[in-house]
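J.: using only what follows, build the 3D model:
(4 chains, ligands or ions: 4)
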Amino acid sequence: MTVDSLHHTVAPADAGPADPALVQLLTPEGQRREHPNFPLLLDDAAIRDLYRDLVLLRRFDTEATALQRQGELGIWAQVLGQEAAQIGSARALRPTDMAFPTYREHGVAWCRGVPPEKILELFRGINFGGWNPLEFRLAPYTIVIGAHTLHAVGYAMALQREPHNDDAVIVYFGDGAASEGDVNEAFVFAASYNAPVVFFLQNNQWAISVPESRQSRIPLYQRAKGFGFPGVRVDGNDVLACLAVTDAALQHVRSGQGPFLIEAFTYRMGAHTTSDDPTRYRLADELEKWKLRDPIERVKAYLSRSGLADAEFFASVDVEAEALADRIRSACVSMPDPDPLAMFDHVYADGSPMLDAERRSYAEYLASFGEA
Amino acid sequence: MTVDSLHHTVAPADAGPADPALVQLLTPEGQRREHPNFPLLLDDAAIRDLYRDLVLLRRFDTEATALQRQGELGIWAQVLGQEAAQIGSARALRPTDMAFPTYREHGVAWCRGVPPEKILELFRGINFGGWNPLEFRLAPYTIVIGAHTLHAVGYAMALQREPHNDDAVIVYFGDGAASEGDVNEAFVFAASYNAPVVFFLQNNQWAISVPESRQSRIPLYQRAKGFGFPGVRVDGNDVLACLAVTDAALQHVRSGQGPFLIEAFTYRMGAHTTSDDPTRYRLADELEKWKLRDPIERVKAYLSRSGLADAEFFASVDVEAEALADRIRSACVSMPDPDPLAMFDHVYADGSPMLDAERRSYAEYLASFGEA
Amino acid sequence: MATLALARALNLGLRRALESDPRVVIMGEDVGKLGGVFRVTDGLQRDFGEDRVMDTPLAESGIVGTAIGMALRGLRPICEIQFDGFVFPAYDQIVNQLAKLHYRSRGTLTVPLVIRIPFGGGIGAVEHHSESPEALFAHIPGLKVVACGNAADAYTMIQQAVACDDPVIFFEPKRRYWERAEVDTDAPLDQAFPLTAARVVREGRDVTLLAYGPSVKLALDAAAAAAEEGREIEVIDVRSLSPLDFHTISSSVSRTGRCVVVHEAPVFLGFGAELAARITESCFYRLEAPVLRVGGFSIPYPPSRLEEHYLPDVDKILDAVDRTFSY
Amino acid sequence: MATLALARALNLGLRRALESDPRVVIMGEDVGKLGGVFRVTDGLQRDFGEDRVMDTPLAESGIVGTAIGMALRGLRPICEIQFDGFVFPAYDQIVNQLAKLHYRSRGTLTVPLVIRIPFGGGIGAVEHHSESPEALFAHIPGLKVVACGNAADAYTMIQQAVACDDPVIFFEPKRRYWERAEVDTDAPLDQAFPLTAARVVREGRDVTLLAYGPSVKLALDAAAAAAEEGREIEVIDVRSLSPLDFHTISSSVSRTGRCVVVHEAPVFLGFGAELAARITESCFYRLEAPVLRVGGFSIPYPPSRLEEHYLPDVDKILDAVDRTFSY
Ligand SMILES: Cc1ncc(C[n+]2csc(CCOP(=O)(O)OP(=O)(O)O)c2C)c(N)n1
Ligand SMILES: Cc1ncc(C[n+]2csc(CCOP(=O)(O)OP(=O)(O)O)c2C)c(N)n1
Ligand SMILES: [Mg+2]
Ligand SMILES: [Mg+2]
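T.: Ligands and ions are numbered 1, 2, ... in the order given. A predicted model of the protein is given here:
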């Protein structure tokens, strides 16, 4: 048989624990499972830390949403529902690995150590991202869908030629992004040069109002195979599975076997952004179903049930979360507007006399009002 | 096992009859084979006709190359070696199907009934393609690699909504083109809308000087699977196999099953174009090996051996070929240069006063020389 | 007559186009159930079905490229690009294919395709949502490039663009989407003001102010302010950047002898450059001052908290007008 | 001193860049064994290896996008776009990413990346091989856009572009690849004429002729022809389109009072529009005539048998020069 026969395993909308292709280490009910390919060795403290990450991230996200509602931010892209995918994958990274995010990777930024208020600067409209990408090994947020996947591959190609360096790159993108030419060219280049890059696709099932089924008629993790590298689907609401699979993928790419695609199957529980109104295009039912698979609840259930954490622990995390929210709120509302002339900075690394002249003339123009 | 395990069947450089994934109905030695999935029912006359197509096409190609050498054409993109892929696939089309070519599909143009001298007009620099695309159901040659694959998909999407119309679309592109974002977006759209389009990839193993291995680390027909539709590799030097596989693919797409990818594994026996010098990047050996798989020789061997054609037949085809060459040569050398003012025609379908003014002023400028 | 917001006028114009020609289809990201992020296609998929109003995969080259193919088979697609900054992945299809197919095929193929692009800043958005890329299209022969500036024009021009047999890049002033104006929704399209004509939107004899899209309102505001000080500004809504209705413009400047151009795009090689060069060429002896340009600086569109400094405003316009009197 | 063809001068300049900085890599389609379709990278892969001179998959967005990533990790990539018409698939990466990363990251990231583009017509090529898209880049803040016009500049400018910490779009006049000139290959780079400066290549007092890339030679030819009739044309090779060295230009036009701009791109919104607008603004009282523009028509680049009609030539230039004297 020469026709390359298809596994038409169309993703059931509710791909859950029953989906054999889905890697899951923690059920929605908080039960641990083992997976032959993706063992996970974590001590108890590490699991508590993951829980803390998830809770703090969600609290940050909630606060940012509130800040937007109150007019302190221009817009906010909620991570609600995708916390496990981001925390699990980003906690698998080494400090020296490099991450390329979209605009929604607040959990990744958190794990990279970026102070959350720095993220708000972008959404407040003060700058395009307040952190130093080289310091935190997190590229600037990228809004043009898919464009950064090529940067990630190029960065990985550069890493590859550094002797004795097995650092890796991870790049985040969505189910919608998978349709962009750039993402597919990133697959081509990564495969061609065997680049040490993990493609981390958060399939939250929606690209704004467009369902995943419009982007692909087969599960997206299978795309990788057509380009000659492996793809895995993981339960994106399971922080342990996301950690284990990303860890395995990183090992794969570090060891010179080339790129790896992870599809984290998850759900965007909020609106696309605070400007969006999902009631126009999806049923509330769907959300209710996904609430039962909440990425935080299952860790909490596991920790309690197995006695790894007690009420005091949970309470202390909550306290910490409130403190974080307070800190972020006051940082946000007290951010000064930038100096107008700062907009002329950093257009060129080695200058432009033409632009200097524009800056001077605008400074004079502004001054003319001062004098009036 | 959830890792989508790979068939790392890396294409042997000399993928020949031994490659189990390669559909072949006629061996290089001219022996007929049967294939369970791709039966072929052709009467003897039809096979003779295919032979005639192949010979005439090659003669045309040779003459065009000579015309270029003599300065009558600006450049020529030889089809040498790919005759079977083009004749086989294009003879499977209905007159009302639509074909979208690259710049090398002279065999497809031949089958569509385009007078060959019309193709030369483009390479002579008189226009961008002398035929009416709607009359011959052959889009203009497209030089920007991959761009036309999206047009083909869109055309197929339009066909799809016409009641009682099961016409199909075929689009030609190369191994190099498979890396372009547009081609992959074409796969996405075709799969998403289940468009009746056959993607016909002529893998001639080179994109100018770049070998296929730079574009993909697995055989290219497998790309389709990652997008959720079937892919087949066919011996591109076997006109019968190309016909049979394209026929099956057309049936597939006509019946509403969505897109189909055919990879015709062939070889560019000539230079990329008359401006190219392949001795800089590939060994003569390779060409010698492929001469043994010549797409014309095997049909001739089959026809002679099986008694379906005699020396007289072969001689008459040769005579016809020479006549064709003569006709084309004189058509070419006597083509008048276009009127200078014709360059202002057809920029806009419903006009532009601004452009009319430019035309008038250039006409006056030209006239000023006449008067001097 | 109805009082409509610009976005709503476009919506009604699109509805009209869908009703009057079954070949018209709308395609893009989120144009279906959501009705587009600006609700310009609100309710159209519900009323015309998924075949006429199609949500596409997230790929702009794919959207324009497949729309070209559909147009080749007789449809009249209207593509929505969600924001100005996201048109660039489709730029190759637009420049190399869409603009040229009629020419390349010596008129045998026509590609009646409209690309709608909400453009410009002023809405406090994040990166890539406030660009003014019109010059990058107006420089390309084979494209028609238009911009509407008010609800009445929006309603008419979108229908004219759809009826046009050439590819039209249709710029919509996103910060004006919610501004309302009187729209005569019953006026027959074939008697409407031509799509590619410029329009004098306020008469004046002292100086000519040229604007399009979101800047037309600014220009009118500036003219009103100047009138209080006794200076009469003539305002022209350029409307069609390519082809350019230069006659309307040069007649005005020949009369006034002074001209200021306003747009949000960077001044450097912005559309104002062509206007200034062309006006100077044809009105050389009439000009009392050089044509001055008010527009963006040579910097990427800045973060939103600085956009008021970047954007043209009434003060900057009046300052330039004043300067034309100081020559 | 050596007499070198322009393509060869580029080749030596690239070789120098590869030698003097291990971070420099060349990437593109066919730049390896083939040495590029114009042989500009001839022999470089052989001498520097496949890691330094990389044949890439056939995907321009991929080439530029991965080069950006490589630059972010400290390399200094030089991308070759095979022909002008094939840069558009990479346009989004160039406009939205390459041009903006330094700005977006407030200077923490630099992207020292050169994109080499053979541009212009006159070689009898088929479609998409003769375009002049420079205005589409010069309008984009954050990019540096330069064009070399002769072998000596080619040799120096390509090295300066590679040494520059900003992204540089480097236009090469393909019809001049085979034209030879004296090149001082021993001159130290740090004392060379600056990359972003315009240069007076012939002095004259009657009229200023502005050109760049392939048109510089035409301008010089026109000046030589005019000299025979007693008219002294000053020729400036603009060299850097962005940032523009306006001082050199305005000083000249202030002296001559007349100016003609020449380029192959369509006149409408071509680079000449900015030059004309800016010159008029700053030299208004000195101008004896409007700045005139000689360039392409508002049509797609025509089939090669008509290109001589489309392209600027000495006659067209002299005709425009004459017209500046009839005002
Ligand atoms: C090139 C481009 N086109 C369109 C947009 C507008 N847009 C922003 S987010 C989005 C949907 C993205 O969906 P997905 O990739 O699934 O990511 P998600 O938002 O679900 O995380 C769209 C269409 C954009 N930012 N960039
Ligand atoms: C977008 C684009 N990039 C580059 C080129 C230059 N070019 C012309 S043909 C070619 C190689 C094409 O290879 P392939 O797709 O395998 O087709 P083949 O020529 O082998 O038939 C290249 C790089 C082009 N025409 N278009
Ligand atoms: Mg999504
Ligand atoms: Mg090939």
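J.: so which residues of the stretch 101-250 of chain C form strands?
T.: With DSSP state E, counting those that start in this stretch as the criterion, the stretch 101-250 of chain C has strands at C:114-119, C:144-147, C:168-173, C:180-183, C:199-202, C:207-211, C:233-237, C:240-242.
J.: need the longest helix for chain A.
T.: Criterion DSSP state H: the longest helix present in chain A is helix A:44-69.
J.: which of the residues in that helix are buried?
T.: Across helix A:44-69, burial judged by 16 or more other CB atoms under 10 Å in any protein chain shown covers A:47-48, A:50-61, A:63-65, A:67-68. C-beta: built from backbone N, CA, C; applies to glycine.
J.: distance of the most centrally placed residue in chain A from chain B?
T.: The centroid of chain A falls nearest to A:Glu105 when counting by CA atoms, centre = their mean (3.1 Å). A:Glu105 sits 23 Å away from chain B, going by CB to the nearest CB, to the nearest Å.
J.: how many neighbours does the residue of the stretch 101-250 of chain C found nearest ligand 1 have?
T.: Residue nearest to ligand 1 within the stretch 101-250 of chain C: C:His128 (6.7 Å; CB to the nearest ligand atom). Close neighbours of C:His128, defined as other CB atoms under 10 Å in any protein chain shown, add up to 21.
J.: again, but for the one 4 residues further on
T.: Counted with other CB under 10 Å, the neighbours of C:Ser132 add up to 27.
J.: which residues sit in contact with A:Ala309?
T.: The contact partners of A:Ala309, by CB atoms under 8 Å, 6 or more residues apart in numbering or on different chains, come to A:48, A:51, A:303.
J.: how about 10 Å then?
T.: Shown in contact with A:Ala309 (CB atoms under 10 Å, 6 or more residues apart in numbering or on different chains): A:44-45, A:47-48, A:51-52, A:299-300, A:302-303, A:316-317.
J.: ok, now C:Asp166?
T.: Counting by CB under 10 Å, 6+ apart, C:Asp166 touches B:347-352, C:98-99, C:102, C:110-114, C:142-144, C:196, C:243.
J.: only whichever of those residues are buried, select them in PyMOL.
T.: Of these, the buried ones can be selected in PyMOL as follows, counting by 16+ other CB under 10 Å:
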select buried, (chain B and resi 347+348+349+352) or (chain C and resi 98+99+102+110+111+112+113+114+142+143+144+196+243)
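J.: which of the contacts of C:Asp166 fall within helices?
T.: Cross-referencing the contacts of C:Asp166 against helices under DSSP H gives C:His102.
J.: within reach of chain D, which of the contacts of C:Asp166 are there?
T.: Taking CB under 10 Å from any CB of the partner chain as the test, chain D is in contact with B:347-348, B:352, C:99, C:102, C:142, C:243 out of the contacts of C:Asp166.
J.: what's in contact with stretch A:349-361?
T.: By CB under 10 Å, 6+ apart, the list of residues contacting stretch A:349-361 reads A:341, A:343-345, A:347-348, C:266-268, C:296-299, D:102-103, D:107, D:109-112, D:141-142, D:144, D:163-167, D:195-197, D:240, D:242-247, D:278.
J.: what's the single longest strand in chain C?
T.: Counting by DSSP state E, the longest strand found in chain C is strand C:259-266.
J.: any idea of the angle the next helix or strand after that one forms with strand C:207-211?
T.: Downstream of strand C:259-266, the next assigned helix or strand under DSSP states H and E is helix C:271-282. Per axes from the mean of the first three to the mean of the last three CA atoms, to 10 degrees, the angle that helix C:271-282 makes with strand C:207-211 is 140 degrees.
J.: just checking helix C:271-282 against chain D, any contact.
T.: Yes - interface with chain D: helix C:271-282 contributes C:271-282 (CB under 10 Å from any CB).
J.: could you check how far the residue of the stretch 251-372 of chain A found nearest ligand 4 is from ligand 3?
T.: Using CB to the ion, the single residue of the stretch 251-372 of chain A nearest to ligand 4 is A:Gly258, 23.4 Å away. Applying CB to the ion, to the nearest Å, the value for A:Gly258 to ligand 3 is 26 Å.
J.: cool, and C:Ala2?
T.: For C:Ala2, the distance to ligand 3 - CB to the ion - is 38 Å.
J.: that residue pairs with what?
T.: For C:Ala2, the beta-bridge partners are C:Val183 (DSSP bridges).
J.: got a pLDDT number for it?
T.: Per-residue confidence at C:Ala2 stands at 94 (pLDDT).
J.: surely it is in contact with C:Arg8?
T.: Yes - in this structure C:Ala2 lies within contact range of C:Arg8 using CB atoms under 10 Å: 8.9 Å.
J.: among the contacts of stretch A:349-361, name the buried ones.
T.: The neighbour-count test (16+ other CB under 10 Å) marks A:343-344, A:347-348, C:266-268, C:296-299, D:102-103, D:109-112, D:141-142, D:144, D:163-167, D:195-196, D:240, D:242-246, D:278 as buried among the contacts of stretch A:349-361.
J.: residue of chain C closest to ligand 1, please.
T.: For chain C, CB to the nearest ligand atom, closest residue to ligand 1: C:Phe86, 3.7 Å.
J.: quick check: closest non-adjacent residue to that residue.
T.: C:Glu60 (6.0 Å; CB to CB, 6 or more residues apart in numbering or on different chains).
J.: burial count for the one you found?
T.: By the other CB under 10 Å criterion, the neighbourhood of C:Glu60 contains 29 residues.
J.: ok, residue 206 - contacts?
T.: All of this refers to chain A. By CB under 10 Å, 6+ apart, the neighbours of A:Trp206 are A:174-176, A:212, A:267-268, A:271-272, A:276, A:278, A:281-282, A:286.
J.: wait, chain C
T.: Counting by CB under 10 Å, 6+ apart, C:Asp206 has contacts C:223, C:226-227, C:230-234, C:255-258, C:321, C:324-325.
J.: C:Ala2 and C:Arg8: which has the busier surroundings?
T.: Taking neighbours as other CB under 10 Å, C:Ala2 and C:Arg8 compare with C:Arg8 leading, 21 against 15.
J.: name the element that one belongs to?
T.: In the assignment (DSSP H and E), C:Arg8 maps to helix C:6-20.
J.: against which helices or strands is that helix packed?
T.: Under the contact criterion of 3 or more CB pairs under 10 Å, 6 or more residues apart in numbering or on different chains; DSSP states H and E, helix C:6-20 touches strand C:2-5, strand C:24-28, helix C:44-48, strand C:76-80, strand C:114-119, helix C:151-163, strand C:168-173, strand C:180-183.
J.: ok, whichever helix or strand comes after the third one near chain B or not?
T.: This means helix C:44-48. With elements assigned by DSSP H and E, the helix or strand that comes after helix C:44-48 is strand C:53-55. Yes - against chain B, strand C:53-55 shows contacts by CB under 10 Å from any CB at C:54-55.
J.: now strand C:53-55: mean pLDDT?
T.: Strand C:53-55 carries an average pLDDT of 98.
J.: sheet-wise, list the partners of it with their directions.
T.: Using DSSP bridges, the strands paired with strand C:53-55 are strand C:24-28 (parallel).
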